[in-house]
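> What follows is a predicted structure for the sequence shown.
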Amino acid sequence: METLSDLSTQVVLSEGGAPRERLDLSIVIPVLDEQETVVPLYHALVETCEGIGQTFEVIFVDDGSTDETFPRLAAAAEHDHRLVVVQLRRNFGQTAAIAAGFDHARGDVIIPMDGDAQNDPRDIPRLLEKLDQGYDVVSGWRVDRQDGTLRRIPSHVANWLIGRVTGVRLHDYGCSLKAYRADLVKEMKLYGEMHRFLPALAHLVGARITEIPVQHHRRMHGRSKYGIRRTLKVVLDLITVRFLSEYATKPIYVFGGIGSLLCGGGVLAGAYTLYEKYVDHIYVYRNPLILVAVFLFLLGVNLILMGLLAELIVRTYHESQNKPTYSVRTTLNEAP
């Protein structure tokens, strides 16, 4: 199986491949065919981060661009070791690109953002200030969003739905500009379109989450990579997040619960079949309800067995890899 570490074909680190020391801040930007914006965005990020006074790196992940995005980034990286460029072998999607950036990040704080220059680098100090107040995740909220109505309305509906299902009420899940503590996100494995659910996934391990308004600029170059096709993907990933939040370590509850209801429905249908036989004198072979009873009962039994198999898989997953079923924030006076 191909892992994210296998996806990158070239990583521009520093002159001579110098050792990678820990840094204060990593900015992760996935890009796809953004040749007009990547270099101006890089300069704007460097200017902002130098003003913060912390050590930093800017990581561009080229997710299979077919234009001059990578050559322009590579040329800029030759003159600045703080610019890291990761080129993927093909287009793997935004979630995979963000995960690759997280894997290569050295900062104690990781800030992903879009590469289309709609996010404003000048919001980064405000994210860090809020993070210093004790939060683990600070999410951006594009209050004055510069997108068309056809994009804003589905986004509002999706934000409301995600908040209701996950319990993490944010105004703008779709805003890429967020600040995460690295020790939190580096433990997460991202699949599908899961990057938008990172705050919800962080909530599962008890992260402190907040939200601040950020600026949003109109796209000046290129075209949007988002389309209506993502709506179905978001719904399916939302079901996955809900399942992980409630039943990741106890799948028998959901499979067994549904299976028990179906078995109960089958028993009731069978009982009513007997009632009709002895009271209304409707023989079983003339009553289609008996087929419903048999179908519901067998389907319920299969779901319960599926839940038991899922329990075995979950235990194998955790015990074979020593993966904990909990997350520790801190310890006091722990013996060495």
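That came through fine. Numbers count the residues shown, from 1 in each chain.
> helices or strands up against the lengthiest strand in the chain?
The strand spanning the most residues in the chain, taking DSSP state E as the definition, is strand 23-31. Applying 3 or more CB pairs under 8 Å, 6 or more residues apart in numbering; DSSP states H and E, one finds that strand 23-31 contacts helix 38-52, strand 56-62, helix 94-104, strand 107-112. Placement of C-beta: from N, CA and C, glycine included.
> ok, and which of these has the densest surroundings?
strand 56-62 (a mean of 26; mean count of other CB atoms under 10 Å).
> which residues are contacting stretch 154-161?
Under the criterion CB atoms under 8 Å, 6 or more residues apart in numbering, residues 145, 147, 170-174, 228, 231, 234, 238 lie in contact with stretch 154-161.
> wait, which of the residues you listed is closest to Gly134?
Leu170 (18.0 Å; CB to CB).
> gap between the longest strand of the chain and the chain center?
17 Å (CA atoms, centre = their mean, to the nearest Å).
> Report the angle between it and helix 94-104.
Put simply, strand 23-31 runs at 150 degrees to helix 94-104, going by axes from the mean of the first three to the mean of the last three CA atoms, to 10 degrees.
> the strands in this protein, which residues?
8-12, 23-31, 56-62, 83-88, 107-112, 137-142, 178-181, 209-214.
> Direction included, what does the shortest one pair against?
Applying DSSP bridges to the sheet, strand 178-181 is found paired with strand 107-112 (antiparallel), strand 137-142 (antiparallel).
> neighbours around the closest residue to Cys175 other than its chain neighbours, how many?
Using CB to CB, 6 or more residues apart in numbering and skipping residues adjacent in sequence, the residue nearest Cys175 is Gly140, 4.2 Å away. Residues within reach of Gly140, counting by other CB atoms under 10 Å, total 28.
> show me what contacts Gly140?
Gly140 neighbours (CB under 8 Å, 6+ apart): 119, 123, 127, 172, 175-178, 211-214.
> I'd like those written out as CSV, with distance to Arg196 and neighbour count added.
CSV is the format used below for the contacts of Gly140 (distance: CB to CB, whole Å; neighbours: other CB atoms under 10 Å):
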residue, distance to Arg196, neighbour count
Asn119, 15, 24
Asp123, 19, 20
Leu127, 17, 23
Asp172, 10, 21
Cys175, 9, 23
Ser176, 9, 23
Leu177, 13, 25
Lys178, 10, 25
Glu211, 14, 20
Ile212, 18, 17
Pro213, 19, 14
Val214, 16, 24
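> what would those residues look like in CSV with pLDDT?
Below are these laid out as CSV (pLDDT from 0 to 100):
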residue, pLDDT
Asn119, 91
Asp123, 94
Leu127, 95
Asp172, 88
Cys175, 89
Ser176, 89
Leu177, 94
Lys178, 95
Glu211, 95
Ile212, 94
Pro213, 93
Val214, 92
